[in-house]
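Enquirer: below is the sequence, then the predicted model.
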Amino acid sequence: MRIQFSANTTMTLAALGIVYGDIGTSPLYALKESFRASSLAPIEANILGFVSLILWSLLLIVTLKYVLFILRADNNGEGGVVVLMQQAMRHLKGKPVWIAMMMGLTGTALFYGDAMITPAVSVLSAAEGLTVINESFRPYVMPIALAILFGLFLIQKKGTHKIGKLFGPVMLVWFSAIGLIGLYQIVQAPRVILAFNPYYGIKFAIDHGWDGFIGLGCVVLAVTGAEALYADMGHFGRQPIQTAWIKIVLPSLIVNYLGQGALIMHNPTAINNPFYLSAPHWLLIPLIILATFATIIASQAVIAGAYSLTRQAIQLGFAPRMNIIHTNNEEIGQIYLPLVNWLLLTAVTLVVLAFHDSEHLASAYGIAVTGTMVITSCLFCVVMIKNWHWPIPIAVMLTSLFLCFDLVFFSSNLLKLIHGGWFPVMVALIVVTLFSTWRRGQWQLHQAQQSKEFSLDNFVENLHDYPPQIVTGNAVFMVSDPFSVPRALLHNLKHNKVLHSYNVLLSIKTKEIPYVTDNERIAMKQIGPRFTRVIANYGFQETANISHILSLMAEQGITLDTMDTSFFLSHDSIVVAARTKHGNMGRLRARIFKWLYKNSATATNYYHIPANRVVELGAQVVI
């Protein structure tokens with residue numbers, strides 16, 4: 001008998017596999033690291049305190065903040081800190097626009113730090129289960145983790161659409177298993193249920209002062225991955241993500257954390273690894289295997305998120321073009337960026353070698369997560385006031401509630417700065433510098449080029465008075481400003497002294513929405529007998545493709561034979577000015593921009609233009 005699932009059930013199962021891998025594997029290390037960092041004894045008061053703080057973090061930060069509120073701040077169904085930044089900037093003017101942009105870039109940059117740490121700490125935590133079976137396995141933990149991570153990054157080029165079908169069922173088994181294991185331990189020490197009372201968490205924080213404050217830096221490990229709920233909303237929709245959290249993930253996590261607390265109550269020595277020691281000894285090997293698969297899934301979700309975020313940054317003009325490979329013709333979100341993949345693999349490998357185990361990595365983990373949470377709360381406040389037109393007092397009160405938790409967790413994690421927390425901060429600083437340098441450099445390059453451009457309408461009129469030699473064939477000129485004459489066209493006339501019989505001036509524009517329908521994809525206008533202006537619109541979640549554009553043009557009556565068409569591209573050579581001009585970004589950043597510009601992917605590869613039909617023309621531009 002074949003079981004049929006409803007569309008919502010299928011999407012909920014898919015969301016379970018992709019969205020909740022990170023937060024779903026937090027029980028591997030969250031409670032253990034909370035005790036280790038604070039150096040507090042595993043007595044009942046401390047156990048109830050830590051477990052209570054974890055439970056209420058899940059309820060208030062994830063459920064209240066993200067599931068009930070942040071998920072509503074979507075842009076045509078898409079979410080994430082970049083989307084939130086775009087929405088906040090839309091109704092701001094002046095300096096607040098720059099502040100919102102820098103906050104969004106910082107949140108994006110912190111995600112890359114998270115993407116480097118999550119695979120390392122998750123896979124290491126799973127592999128460390130071998131030491132519970134036998135301590136002699138410890139020397140093999142790091143090699144095993146590195147082998148798993150290398151294999152994971154190696155298969156990225158094949159895409160996740162095939163193995164992704166297994167993610168949901170595997171994570172369903174995972175959450176069922178950790179829930180049952182937790183329930184088994186709760187029966188042994190039912191008093192742990194008192195942790196539901198927030199009194200124990202508040203009393204713990206007050207009584208222990210500094211030690212309790214330090215412990216909070218690891219309590220936040222229980223909510224790592226909360227941003228994934230928002231960032232991956234476009235793939236599944238709000239309802240499946242909410243359903244999966246309320247009905248499956250949250251109950252399983254709560255029961256498991258309570259079970260770990262119950263175990264430590266009747267066996268304080270289990271604090272060394274309460275997750276694995278909660279399971280019966282005969283179940284250890286299957287649980288280690290299941291945990292390994294769960295951490296691979298958690299890592300896969302973060303890696304895919306890094307691809308998606310990079311594409312958004314490219315489309316919005318914050319990063320240079322990179323080679324983007326679509327691994328599935330049916331799913332627009334299935335992409336692979338080779339450069340990002342190998343940079344992440346290198347970084348993750350160095351992280352594992354530098355930090356050795358999950359205990360040291362936990363120190364580096366919290367800052368990236370809590371920093372992004374603070375930024376999300378601030379940008380969400382702007383959206384509530386400017387976009388939703390909520391009363392300012394209500395928006396400020398709600399944001400203050402969120403920040404009460406975000407800032408406490410963030411400040412407690414700042415204490416880890418010298419113990420590994422510097423790593424995600426360093427990564428964020430590098431990424432923000434590169435993003436802002438590229439944005440500023442592109443603006444300066446455009447200003448330098450614009451001074452040499454002519455009005456397209458005037459140019460076409462002057463051709464009647466000074467007609468050039470006409471050659472057969474079609475020419476497509478890529479141009480950033482659809483109302484100016486392409487520099488490649490001017491160079492062609494100046495040096496080759498010819499004009500093709502039919503010319504298309506193609507401008508590709510990125511809209512502030514995730515996707516654009518084919519009905520709104522292109523706008524065409526005839527300019528004289530030999531020129532047509534074509535503006536192709538794409539969302540920031542999409543990648544332009546020349547073949548697709550040409551097919552849409554054909555539907556509107558303009559058919560270009562690829563073998564009879566030349567594609568002219570402008571690619572200028574950048575020269576850094578000997579002296580910094582007023583308003584420029586400085587020579588160092590100018591040199592960084594020059595390097596990024598030189599090494600960015602060519603328009604030929606990025607837009608999938610037939611390489612044997614491309615002609616590149618350019619000149620030197622001083623910035």
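Expert: Thanks, I have it.
Enquirer: the least confident helix or strand in the chain by mean pLDDT: what's the following helix or strand?
Expert: In the chain, no helix or strand scores lower on mean pLDDT, DSSP states H and E than helix 233-236, which sits at a mean of 75. Of the helices and strands lying after helix 233-236 in sequence (DSSP states H and E), the nearest is helix 238-244.
Enquirer: ok, and what's touching that next one?
Expert: 8, 11-16, 19-20, 67, 71-72, 74, 77, 229, 232-233 (Cβ atoms under 8 Å, 6 or more residues apart in numbering). For glycine as for every other residue, the C-beta is placed from the backbone atoms N, C-alpha and C.
Enquirer: what pLDDT, on average, does the very next helix or strand once past that helix get?
Expert: With elements assigned by DSSP H and E, the helix or strand that comes after helix 238-244 is helix 250-266. Mean pLDDT, helix 250-266: 96.
Enquirer: what's the answer for stretch 117-126, then?
Expert: Mean per-residue pLDDT for stretch 117-126: 87.
Enquirer: ditto for stretch 557-570
Expert: So the average pLDDT for stretch 557-570 ends up being 89.
Enquirer: that stretch: which residues count as buried?
Expert: Residues of stretch 557-570 classed as buried: Ile558, Leu560, Thr565, Phe567, Phe568, Leu569, Ser570 (neighbour count, 16 or more other Cβ atoms under 10 Å).
Enquirer: what does stretch 117-137 give?
Expert: 117-132.
Enquirer: could I have it exported to CSV, CA atoms only?
Expert: Extracted C-alpha coordinates of stretch 117-137, given in CSV (Å, rounded to 0.1, in the frame of the first residue of the first chain):
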residue,chain,number,x,y,z
ILE,A,117,32.4,27.0,12.5
THR,A,118,29.1,25.0,12.2
PRO,A,119,30.4,22.1,10.1
ALA,A,120,33.6,21.9,12.3
VAL,A,121,31.9,21.9,15.7
SER,A,122,28.9,19.7,14.6
VAL,A,123,30.9,16.9,13.0
LEU,A,124,33.5,17.0,15.7
SER,A,125,30.8,16.7,18.4
ALA,A,126,29.3,13.7,16.6
ALA,A,127,32.7,12.0,16.2
GLU,A,128,33.5,12.5,19.8
GLY,A,129,30.8,10.0,20.7
LEU,A,130,33.5,7.4,19.9
THR,A,131,35.3,8.4,23.1
VAL,A,132,32.2,7.5,25.1
ILE,A,133,32.6,3.9,23.8
ASN,A,134,36.3,3.9,24.4
GLU,A,135,38.7,6.7,25.3
SER,A,136,41.4,5.2,23.2
PHE,A,137,39.4,6.3,20.1
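Enquirer: after the helix or strand where Ala362 lies, next one along is what?
Expert: In this structure, Ala362 sits in helix 358-382 according to DSSP H and E. Downstream of helix 358-382, the next assigned helix or strand under DSSP H and E is helix 392-414.
Enquirer: show me what that following helix is packed up against.
Expert: helix 198-219, helix 358-382 (3 or more Cβ pairs under 8 Å, 6 or more residues apart in numbering; DSSP states H and E).
Enquirer: what packs against the longest one?
Expert: In this case it means helix 358-382. Looks like helix 358-382 contacts helix 30-38, helix 81-90, helix 95-127, helix 198-219, helix 226-231, helix 338-355, helix 392-414, helix 422-450 (3+ Cβ pairs under 8 Å, 6+ apart).
Enquirer: off-centre distance for the least confident helix or strand of the chain?
Expert: 13 Å (Cα atoms, centre = their mean, to the nearest Å).
Enquirer: walk me through the domains of the protein.
Expert: 11-420, 448-622 (automatic domain parsing).
Enquirer: flag the shaky bits of the stretch 201-350 of the chain, pLDDT-wise.
Expert: 328-334 (pLDDT under 70).
Enquirer: can I get the helices and strands packed on helix 358-382 in CSV with distance to Asp457?
Expert: As requested, those are exported to CSV (distance: least, Cβ to Cβ, whole Å):
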stretch, distance to Asp457
helix 30-38, 64
helix 81-90, 31
helix 95-127, 32
helix 198-219, 62
helix 226-231, 44
helix 338-355, 40
helix 392-414, 47
helix 422-450, 16
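Enquirer: between those, which one is nearest to Asn256?
Expert: helix 30-38 (9.4 Å; Cβ to Cβ).
Enquirer: now do the buried residues in the following helix or strand past the closest one.
Expert: For helix 30-38, the succeeding helix or strand toward the C-terminus, using DSSP H and E, is helix 44-57. Within helix 44-57, the residues that count as buried by 16+ other Cβ under 10 Å are 44, 46-57.
Enquirer: how distant is helix 44-57 from the center of its chain?
Expert: 31 Å.
Enquirer: tilt between it and helix 30-38?
Expert: 120 degrees (axes from the mean of the first three to the mean of the last three Cα atoms, to 10 degrees).
Enquirer: so for helix 44-57, mean pLDDT?
Expert: 94.
Enquirer: could you export that helix as PDB, CA atoms only?
Expert: What follows is helix 44-57, C-alpha atoms only, in PDB (Å, rounded to 0.1, in the frame of the first residue of the first chain):
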ATOM      1  CA  GLU A  44      20.500  20.200  41.300                       C
ATOM      2  CA  ALA A  45      20.200  24.000  41.600                       C
ATOM      3  CA  ASN A  46      22.700  24.500  38.800                       C
ATOM      4  CA  ILE A  47      21.200  21.800  36.600                       C
ATOM      5  CA  LEU A  48      17.700  23.200  36.900                       C
ATOM      6  CA  GLY A  49      19.100  26.700  36.300                       C
ATOM      7  CA  PHE A  50      20.900  25.900  33.100                       C
ATOM      8  CA  VAL A  51      18.100  23.700  31.700                       C
ATOM      9  CA  SER A  52      15.600  26.400  32.600                       C
ATOM     10  CA  LEU A  53      17.600  29.000  30.700                       C
ATOM     11  CA  ILE A  54      17.900  26.800  27.700                       C
ATOM     12  CA  LEU A  55      14.200  26.000  27.600                       C
ATOM     13  CA  TRP A  56      13.200  29.600  27.900                       C
ATOM     14  CA  SER A  57      15.700  30.600  25.300                       C
END
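Enquirer: show me what it is packed against.
Expert: Against helix 44-57 (3+ Cβ pairs under 8 Å, 6+ apart) you get helix 30-38, helix 198-219, helix 250-266.
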